[in-house]
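Participant: build the 3D model from these lines:
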Amino acid sequence: MAQRVVLDLNHPLIEFGLESPVDEEGVHDSFSQLIAEQSDHDAVELQQLQRQLREEDPYDVSSLSSPGRDFRERRQGQRNLEREEDVRQRDPLLGERWSSDTMRVLSSMPSRTIGRSRGAIISQYYNRTMQLRRRRQSRPAIRDFPHSARPSIRGYGLEADTTDAEVSKRDRLVNNLQNLSVSDRIRMLRAMPLNLTEKQNLRELTLQRGKSQNSASQIPCCSQLKYYIIIGARHSWYSWLSFLHSLQLWQVPLKTVSGRFGTGVLSYFLFLKTLLLFNVFLFLVTGAFLVLPQAVHPPALHTERRSFTGLELLTGAGYFSDTVMYYGYYSNYTLSSPCRDDDGGQSVSSSNGTSPDCTSKRLLYNMPFAYFSTIGVSFFITCIILVYSMSKSFGQSFRIDNSHSILAMKVFCSWDFKVIKKSSVKLMSENICTQVKELLAEVNHKHVKNTGCQKLWRMMVHGLAWTICLASTIACVLAIYHFSDHMHQNLQHTSRNAMQDPLLHEASLLALPVVVSLINRLLPGLFNLAAWMEDYDSPSVRTYVAIGRNLMLKVSVLGVLCYHWLGRVAADPEIIGLKCWESFVGQELYRFLLMEFIFTLLETLFGEFLWRLFSEKVLKRRRKPVFDIARNVLELIYGQTLAWLGVLFTPVLPAVQICKLLLLFYIKMSSVMMNCQAPRNPYRVSQMTTVFITLLCFPSFLGASVCVTFTMWSLTPSSSCGPFRGLKTMIQAGKRWVEALEKDNPNLSVLARAHSYLVENPFFLFVGAGMFLVIIYFHSQVVDGQRKIIALLQEQIENEGEDKKFLITRLQSIHEKKKTPARRLTSQETRS
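Facilitator: Predicted coordinates for the structure are as follows:
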């Protein structure tokens, strides 16, 4: 008896869609008639079976056979019992011995008859191809079909088809397939529940007959030319798509990492690629609207440009201070294109002293308003992209997926047969193998039930580990706070002592970035030691705990640094001899970003490369270090936060971040391939990318946005440099620009009122942020509701299966009760 369940989703009515509810109602009516006819037919068959049972001979002649035959029959009976036990183990519905009537009813169930006979399948799909050919015509009623052509829900060919009938059905099916279009033919062949050999034979027969008919009928020259043009255009389009697909950034290296190290390490490089795209967008915006206009119209410098010594590459000061790299270089007037007066003399770009005729001929560019609006709009667009990416990642990662079903799909449906290149085939096989290992590890993962003493011991160990991590983090943060205060006092002393060497002064500015980068490298090692002491059962849980601890460290360090820059330096810049505190903060952020990259290179060299050589040459082991996902990802988030903080003070800082990320990708990729090994316990991190995007949005971008907004709304700009000199706050640049527009054109008073309500009033900023948070919350709630609904549907399917077993068991017991008195009555009559 067939025991497979095939859900035919490629039926013509499903495949091509129902055009209206009327068509759907007609289909339901047709199948209702069909089910009614089949039910009547089943009732007649059951009545006939009951009559046969009543007329059954009570005497069993086979019991009078010889002893040798009895022995052979017992052996055969034991084999049959073993066979039945094997079938029962495969099918839960066969847990008991069913009667012939029950077995016949079970064999008539729709879920038990699909895919029963190859000839029946061919006949079925012959009917479907006929329906495809007439799909644009009116659909006839089900009663107009002959009985053999109707789609049966009971099963096809309970008896084996003869060879001649099967061959004739095959020929008719091939003829119908030949008359279909290429896409319909491929779709129909895919939908057939036949093995690949049968499908290949049908396809070859269809193509052979098509070629013979095409050779017999001559195609006109115009038609051949049209076909050649269409085929050439299609090949060109596919080649262009393949070329565009090959232009994707780091496609082959990412596949290689995924195949060798799994999705955990791959998530790090994908996150690095995402940060690179964010910085490219930020650099294009600031470069087009700030750097390029100011570079075209450079301001007049009041001091001589310093000479380049090479130390500027580390400190960011010196020669770079008087360039477009920092805030202090930008003008505070309206840039304009030069115009010629009557004598042919060329005027100079300035904001004052221009005649109305010359001003009307110029292309005006208000640099203060451009600076303010560019920073604000770039942060706003970045926020929108982050929220969209996070909501999309939530929808993709928090799907309802069963590890067993994903494993089956990965084993049977993941291979791409269009891949023919040897290197691509090897890469794909490694990728699938790694993913299967991760899924098997998730399927075979068992939750160990600990006793009360073991739970108490584990809670004590976790408490001790977290106490160590919190204490070390607080100690390091306090050390950074006091060291930054010491550096601030040292700057005060240096500003009073004019005899100190400028190069030595610039070199001393590297002390704070070096100390902070050193702490950021050493303390995660202590966190890993605490995680080793805790001995987590799940590698994914260990990774998430490490991310939480490293995040706690990075957020605390950035908080202390922001207080140092905005609370000490910006509050009283004259006390440390600064004329432009914004440029000094920009230089500090450049130094921190550069030191973080240098320490990453040193860690890669000493922590991975030299450790591998020491382990192989000295310890004679083949053991390599495992790539630390949590620490490396938090370093990326830390660096990106510095880039977002510094874009207000250093508009070129996104370009530095782009160069850093490009170098970091190739260095980390080479180090991972050479010096690291795959995790011993592979694990699937389906939600890792979502966690990374969430951390990038809330602690990182939100904190940077708060600091930048506080600087624009509250702090007083420098009076001798930058585009906002002479203003109380940076936000007044937009207000002055709007007032100038309103003065030139009174019809634009609406714009002034909109600016005062939307930009100057922080209430609307909080409303916008609240709307984004509400959108994220609702999206997460919708996804959570879908998960609950799908879980309920799965539970309902399981309950229906149990109901099915219960009903069949009850039917069997009722049938046995009716059958036993009839046999007793028959035996009594025969005895009498």
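Participant: what element comes up after the helix or strand in which Leu456 is found heading to the C-terminus?
Facilitator: Leu456 is part of helix 452-496 when elements are defined by DSSP states H and E. Next helix or strand after helix 452-496 toward the C-terminus (DSSP H and E): helix 502-508.
Participant: ok, which stretches of this structure are strands?
Facilitator: 334-336, 364-366 (DSSP state E).
Participant: winner for burial among the ones you listed?
Facilitator: Of all those, strand 334-336 carries the top mean neighbour count, a mean of 21, counting by mean count of other CB atoms under 10 Å. For every residue, glycine as well, the C-beta is placed using N, CA and C.
Participant: in the protein, where's the longest helix?
Facilitator: Longest helix of the chain, by residue count under DSSP state H: helix 762-831.
Participant: in terms of secondary structure, what does that one contact?
Facilitator: helix 21-54, helix 100-107, helix 367-397 (3 or more CB pairs under 8 Å, 6 or more residues apart in numbering; DSSP states H and E).
Participant: same list, the strands of the chain, but as a markdown table with distance to Ser780 please.
Facilitator: Conversion of the strands of the chain to a markdown table gives the following (distance: least, CB to CB, whole Å):
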| stretch | distance to Ser780 |
| --- | --- |
| strand 334-336 | 46 |
| strand 364-366 | 42 |
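Participant: which parts of the stretch 501-650 of the chain are helices?
Facilitator: With helices called from DSSP state H, counting those that start in this stretch, the stretch 501-650 of the chain shows them at 502-508, 511-534, 539-563, 581-603, 610-617, 629-646.
Participant: I'd like to know which of the ones you listed is closest to Gln812.
Facilitator: Gln812 sits nearest to helix 539-563 of all the helices of the stretch 501-650 of the chain, at 47.4 Å, using CB to CB.
Participant: quick one, what contacts Cys580?
Facilitator: Counting by CB atoms under 8 Å, 6 or more residues apart in numbering, Cys580 touches Tyr326, Tyr327, Gly328, Pro573, Ser718, Ser720, Cys721, Gly722.
Participant: the residues you listed in helices, which ones?
Facilitator: Per DSSP H, the subset of the contacts of Cys580 in helices is empty.
Participant: related to what we said a few turns ago, and the helices of the stretch 501-650 of the chain, which is most packed in?
Facilitator: When the helices of the stretch 501-650 of the chain are compared using mean count of other CB under 10 Å, helix 629-646 is most buried, at a mean of 24.
Participant: can you check what angle separates that helix from helix 511-534?
Facilitator: Interaxial angle, helix 629-646 versus helix 511-534 (axes from the mean of the first three to the mean of the last three CA atoms, to 10 degrees): 150 degrees.
Participant: helices or strands next to helix 629-646 in the packing?
Facilitator: Packed next to helix 629-646, using 3+ CB pairs under 8 Å, 6+ apart, are helix 263-286, helix 511-534, helix 539-563, helix 581-603, helix 653-675, helix 688-695, helix 703-713.
Participant: which residues of the stretch 201-350 of the chain fall in helices?
Facilitator: In the stretch 201-350 of the chain, the helices defined using DSSP H, counting those that start in this stretch lie at 221-246, 251-261, 263-286, 292-296, 312-315.
Participant: Asn332 is nearest to which of the ones you listed?
Facilitator: Nearest to Asn332, of the helices of the stretch 201-350 of the chain and by CB to CB, is helix 292-296 at 11.3 Å.
Participant: which elements pack onto that closest one?
Facilitator: Packing partners of helix 292-296 (3+ CB pairs under 8 Å, 6+ apart): helix 367-397.
Participant: flag every buried residue along the helix it packs on.
Facilitator: Within helix 367-397, the residues that qualify as buried are 367-376, 378-379, 382-383, 386-387, 389-391, 393-394, 397, counting by 16 or more other CB atoms under 10 Å.
Participant: Phe261 against Ser671, yeah?
Facilitator: No - between Phe261 and Ser671 there is no contact under CB atoms under 8 Å: 11.9 Å.
Participant: between these two, which has more neighbouring residues?
Facilitator: Phe261 (23 against 20; other CB atoms under 10 Å).
Participant: identify the residues contacting the more buried one.
Facilitator: Thr434, Phe627, Val672, Cys676, Ala678, Pro679.
Participant: how near is the third one to Leu504?
Facilitator: Spelled out, that is Val672. Here the criterion is CB to CB, to the nearest Å. By it, Val672 lies 40 Å from Leu504.
Participant: now do the second one
Facilitator: Distance check for Phe627 against Leu504: by CB to CB, it reads 40 Å.
Participant: dihedrals phi and psi, Leu194?
Facilitator: phi -120, psi 160 (degrees, to the nearest 10).
Participant: now do it, the pLDDT please.
Facilitator: At Leu194, the model reports a pLDDT of 74.
Participant: just the one 4 residues further on next, same as before
Facilitator: Each residue has a pLDDT score; the one for Glu198 is 81.
Participant: Val436 too?
Facilitator: We have a pLDDT of 85 for Val436.
Participant: quick one, what contacts it?
Facilitator: Leu407, Lys410, Val411.
Participant: okay, now the nearest residue to Pro717 once chain neighbours are set aside: neighbour count?
Facilitator: Spatially, and ignoring its direct neighbours in sequence, Pro717 is nearest to Phe724 (3.9 Å; CB to CB, 6 or more residues apart in numbering). Neighbourhood size, Phe724 [other CB under 10 Å]: 25.
Participant: ok, the one 4 residues further on next?
Facilitator: When neighbours are counted by other CB under 10 Å, Lys728 registers 10.
Participant: next, give phi and psi for the closest residue to Ala295 other than its chain neighbours.
Facilitator: The spatial neighbour of Ala295 that comes closest, neighbours along the chain excluded (CB to CB, 6+ apart), is Val324 at 5.5 Å. The phi/psi pair for Val324 (degrees, to the nearest 10) reads phi -70, psi 0.
Participant: for PyMOL, what selects the buried ones among the contacts of Val436?
Facilitator: Selecting only the buried entries of these in PyMOL, with 16+ other CB under 10 Å as the criterion:
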select buried, resi 407+410
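Participant: for the contacts of Val436, which one is nearest Tyr268?
Facilitator: Of the contacts of Val436, the one sitting nearest to Tyr268 (CB to CB) turns out to be Lys410, at 22.3 Å.
Participant: confidence score at the closest one?
Facilitator: For Lys410, the model assigns a pLDDT of 79.
Participant: what do you get for Gln794?
Facilitator: Among the per-residue scores, Gln794 shows a pLDDT of 79.
Participant: what's the burial count for it?
Facilitator: Burial measure for Gln794: 12 neighbouring residues, criterion other CB under 10 Å.
Participant: that one and Leu602, how far apart?
Facilitator: Gln794 is 52 Å from Leu602, by CB to CB.
Participant: ditto for Val324
Facilitator: Taken as CB to CB, the span from Val324 to Leu602 is 31 Å.
Participant: same thing with Tyr683?
Facilitator: Taking CB to CB, one finds Tyr683 at 29 Å from Leu602.
Participant: same check, this time on Pro220
Facilitator: Noted for Pro220: a distance of 74 Å to Leu602, by CB to CB.
Participant: would JSON lines of the helices of the stretch 501-650 of the chain with mean pLDDT and distance to Leu202 be doable?
Facilitator: Putting the helices of the stretch 501-650 of the chain into JSON lines (pLDDT from 0 to 100; distance: least, CB to CB, whole Å) gives the following:
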{"stretch": "helix 502-508", "mean pLDDT": "81", "distance to Leu202": "79"}
{"stretch": "helix 511-534", "mean pLDDT": "93", "distance to Leu202": "58"}
{"stretch": "helix 539-563", "mean pLDDT": "92", "distance to Leu202": "47"}
{"stretch": "helix 581-603", "mean pLDDT": "94", "distance to Leu202": "59"}
{"stretch": "helix 610-617", "mean pLDDT": "81", "distance to Leu202": "56"}
{"stretch": "helix 629-646", "mean pLDDT": "94", "distance to Leu202": "49"}
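Participant: those: which one's closest to Val656?
Facilitator: The nearest among the helices of the stretch 501-650 of the chain, by CB to CB, is helix 581-603 at 6.3 Å.
Participant: so how far is the closest one off the chain centroid?
Facilitator: 32 Å (CA atoms, centre = their mean, to the nearest Å).
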